[in-house]
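S.K.: Sequence and predicted structure, then a few things I'm wondering about:
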Amino acid sequence: PYLCGDTDEARKILEQSMEGGETRRMTTKKQRKSQGKDADHFVGYARFLEEGICGYSKLSLGKRDPIFLPTSINGRYASVSPEHSIVRIGGDGIKSGPGGSGVTSWGVGKRGQLGHGKREDEPEPKMLLGGIGYGIRIVQVSAGGGLVRVAHSLLLTSTGRVLSFGCGSYGQLGHGYSDGKTLPDYLRPKYIDHFNGTKCICVSAGELHSAVVTADGDLFTFGDGFCGQIGHRDKRPQLEPKQVESGGLEDECVTTVACGNRHTLAVTEEGEVFSFGLGHFGVLGRSYTPFDYDAEAAVAGVGDDLEADPNAGGAVVNVAPVVVQVPQPERHPDEALAAHLDLIANLTLDDSSDQCYPKVIDSLKGIFIVGASAGHRHSMLLDKDGGLYTFGSGVAGALGHGDTHSQMFPMKVMEFVHNNMKIGQFSAGVDMSMAVSTTGDVYSWGKMDSGRLGLGHASGIVRTPRKVVLENDKGEQLKAIDVECGYVHSLIVGLNGTLHQCGGVGTDGADDGQQVEVDMKKLGKPYQTPDMNLWHRIPEPKEVAKNERWRKYGKYELKGRSGWNK
């Protein structure tokens with residue numbers, strides 16, 4: 001199957017790629033001067049498609065041998081956490097590539113996870129400054145965080161360096177202690193010094209931990225390790241990146257990594273998958289030994305057990321939405337953080353459980369896996385033939401098998417098999433999942449509240465994949481190239497480069513849910529972000545410096561004193 005069947009369909013896709021606002025973003029000064037009018041620049045669009053469809057992307061290393069990025073990764077164009085969104089956009093096309101090299105972010109920003117230099121929420125997308133997209137090209141983004149009001153972000157540059165910002169309380173930024181022996185939040189992107197001189201090819205941000213894959217195939221993790229999610233055979237936190245050298249992973253060449261809420265999945269070049277971290281609900285896809293102590297404390301905040309789900313009895317394949325009340329994890333930031341810190345302060349962090357180190361998912365023997373996505377309490381894998389596998393919690397039908405049962409081992413989503421569909425991109429969120437087929441169609445399943453699945457319903461659950469209708473402002477149907485799931489919202493990247501959102505994160509105290517007013521017929525469906533196209537060029541935004549006046553007070557010059565400089 002192909003994204004377009006004939007030249008007419010290909011021409012239509014090219015015409016749609018012009019959308020996203022009349023901003024002259026595809027025109028260079030040189031072209032306008034030579035042609036005397038607006039000139040389309042489709043080289044950027046060709047590279048956008050090449051990267052998104054074929055997974056072809058490499059680091060910018062001058063005349064050195066190229067280092068290619070993984071063909072299947074999360075965050076190629078967009079990434080979301082339960083509270084914020086990060087998307088690649090813009091760029092000047094001269095210093096750092098033809099568009100899609102900058103970053104825009106929005107959502108809750110109380111811990112600096114938006115990277116704008118302040119602790120404020122942003123209801124609308126706002127571009128990051130400091131040369132990002134203009135001298136510093138971004139090739140992958142990752143938004144991390146959980147349901148306890150802590151979030152952070154990672155960026156991978158085209159030169160193989162890693163930037164991090166946001167909450168640093170657990171060491172998940174990788175910067176170690178500050179001069180004052182504290183773990184501060186960073187409100188703007190900062191390079192992780194540990195990777196100076198090392199080329200990195202993949203990054204992933206979890207709830208309280210992070211992971212990075214180097215060009216040599218080594219896996220480094222850092223942050224909170226209380227559930228074994230950083231894979232160092234104990235539950236100790238790591239404030240700076242440390243290579244995972246246990247469970248046999250030290251002898252493997254890792255290609256891509258995915259960090260979930262409290263677990264991690266690593267895919268090797270041999271197509272094997274290693275999992276580690278909290279195995280509750282079956283998110284590791286393998287059997288595991290229990291923690292030596294306090295197993296119940298480890299699962300606090302992840303959610304109720306599946307037996308509490310009123311729909312867990314009976315495997316009923318249901319493609320129509322069913323309105324039910326589904327138990328879900330709630331945000332209690334102060335209590336959760338206090339309990340977590342108290343637990344760490346009063347326990348030894350040694351633990352012999354095989355949840356604390358990487359172990360291969362042996363039930364996948366003979367299946368070549370190329371990509372992984374780790375959600376809040378379920379996981380997804382993609383094989384080289386486009387087959388999709390899910391396992392973990394089945395709450396709200398998030399696994400797509402037609403029921404709400406948990407699965408301890410990877411199970412193929414047969415809905416796609418029966419309809420002869422292959423998957424190209426996929427994402428696991430909080431009790432919901434989304435996928436894009438190789439023909440550009442979007443499918444979603446799981447919890448639908450607040451329109452987060454884009455199926456046109458404000459509540460209920462879907463237990464098997466259902467097609468999402470994606471349209472532009474003119475009502476024309478679009479194909480997609482990428483999807484990302486969060487907690488109360490999800491993002492869809494159109495094949496033409498436009499961005500569409502389902503649901504929404506409440507900012508500045510507003511309720512979660514769709515944040516824009518739309519026609520009632522479109523309620524609960526994807527809505528297009530206005531004046532935005534990922535591959536279009538954008539002039540570099542400039543930060544306006546505040547001009548503070550100086551005044552003499554006696555023989556001293558004072559600045560910024562209230563009442564003295566007015």
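M.R.: Done, it's in.

S.K.: so how far is residue 542 from residue 144?
M.R.: 29 Å (C-beta to C-beta, to the nearest Å). (C-beta placed from N, C-alpha, C; glycine too.)

S.K.: nope, residue 446 is what I was after
M.R.: With the distance defined as C-beta to C-beta, residue 446 ends up 42 Å from residue 542.

S.K.: Give me the more crowded residue out of those two.
M.R.: Neighbours per residue, other C-beta atoms under 10 Å: of residue 446 and residue 542, the larger number sits with residue 446, 30 against 7.

S.K.: part of a strand, is the more buried one?
M.R.: Yes - according to DSSP: H, G, I helix; E, B strand; the rest coil, residue 446 belongs to a strand.

S.K.: unless I'm mixing things up, it is touching residue 465, no?
M.R.: No - under the criterion of C-beta atoms under 8 Å, residue 446 makes no contact with residue 465, lying 9.7 Å away.

S.K.: how about low-confidence regions in the stretch 1-150 of the chain?
M.R.: 1-5, 18-42, 92-99 (pLDDT under 70).

S.K.: now swap in the stretch 401-550 of the chain and tell me
M.R.: Using pLDDT under 70, the stretch 401-550 of the chain drops low at 514-522, 545-550.

S.K.: so residue 291, which of the three states?
M.R.: Under three-state DSSP, residue 291 falls in the coil class.

S.K.: wait, it sits on residue 351?
M.R.: Yes - at 5.6 Å, residue 291 counts as touching residue 351 under the criterion of C-beta under 8 Å.

S.K.: Which one of these two is surrounded by more residues?
M.R.: Neighbours around residue 291 and residue 351, counted as other C-beta under 10 Å, are more numerous at residue 351. The numbers are 25 against 22.

S.K.: what about the spatially closest residue to that one that is not a sequence neighbour, how many neighbours?
M.R.: Spatial nearest neighbour of residue 351, chain neighbours left out: residue 292 (4.9 Å); criterion: C-beta to C-beta, 6 or more residues apart in numbering. Residue 292 has 13 neighbours, counted by other C-beta under 10 Å.

S.K.: same thing with the one 10 residues further on?
M.R.: For residue 302, the count of nearby residues is 22 (other C-beta under 10 Å).

S.K.: can you pull the contacts of it?
M.R.: Shown in contact with residue 302 (C-beta atoms under 8 Å, 6 or more residues apart in numbering): 261, 262, 278, 280, 281, 329, 376, 377.

S.K.: Among these, name the ones in helices.
M.R.: Judged by DSSP state H, the subset of the contacts of residue 302 located in helices is empty.

S.K.: Check those for the minimum pLDDT and say which it is.
M.R.: For the contacts of residue 302, the minimum pLDDT belongs to residue 329; the value there is 52.

S.K.: between residue 446 and residue 465, what contacts are shared?
M.R.: Joint contacts of residue 446 and residue 465 (C-beta under 8 Å, 6+ apart) are residue 400.

S.K.: Go ahead and confirm residue 403 touches residue 396.
M.R.: No - contact criterion C-beta under 8 Å: residue 403 and residue 396 do not qualify, at 10.9 Å.

S.K.: Now do the same for stretch 225-235: mean pLDDT, whole number.
M.R.: For stretch 225-235, mean pLDDT is 95.

S.K.: Quick check: the residue most central in space within the chain vs residue 104, distance?
M.R.: Closest to where the C-alpha atoms of the chain average out (C-alpha atoms, centre = their mean) is residue 79, at 2.9 Å. Residue 79 is 12 Å from residue 104, where distance means C-beta to C-beta.

S.K.: joint contacts of the two?
M.R.: Joint contacts of residue 79 and residue 104 (C-beta under 8 Å, 6+ apart) are 86, 87.

S.K.: quick revisit: show me the two of the contacts of residue 302 that sit farthest apart.
M.R.: Spatial extent of these (C-beta to C-beta) is set by the pair 278 and 329 at 13.3 Å.

S.K.: returning to that earlier point: which one's more surrounded, residue 403 and residue 396?
M.R.: Taking neighbours as other C-beta under 10 Å, residue 403 and residue 396 compare with residue 396 leading, 28 against 20.

S.K.: The closest residue to that one other than its chain neighbours - how many residues pack around it?
M.R.: In space, and not counting its chain neighbours, residue 396 is closest to residue 447: 3.9 Å by C-beta to C-beta, 6+ apart. When neighbours are counted by other C-beta under 10 Å, residue 447 registers 25.

S.K.: quick one, what contacts residue 447?
M.R.: When contacts are counted by C-beta under 8 Å, 6+ apart, residue 447 touches 326, 328, 395, 396, 398, 430, 431, 432, 453, 461.

S.K.: what pLDDT does the first one get?
M.R.: What it means is residue 326. 46.
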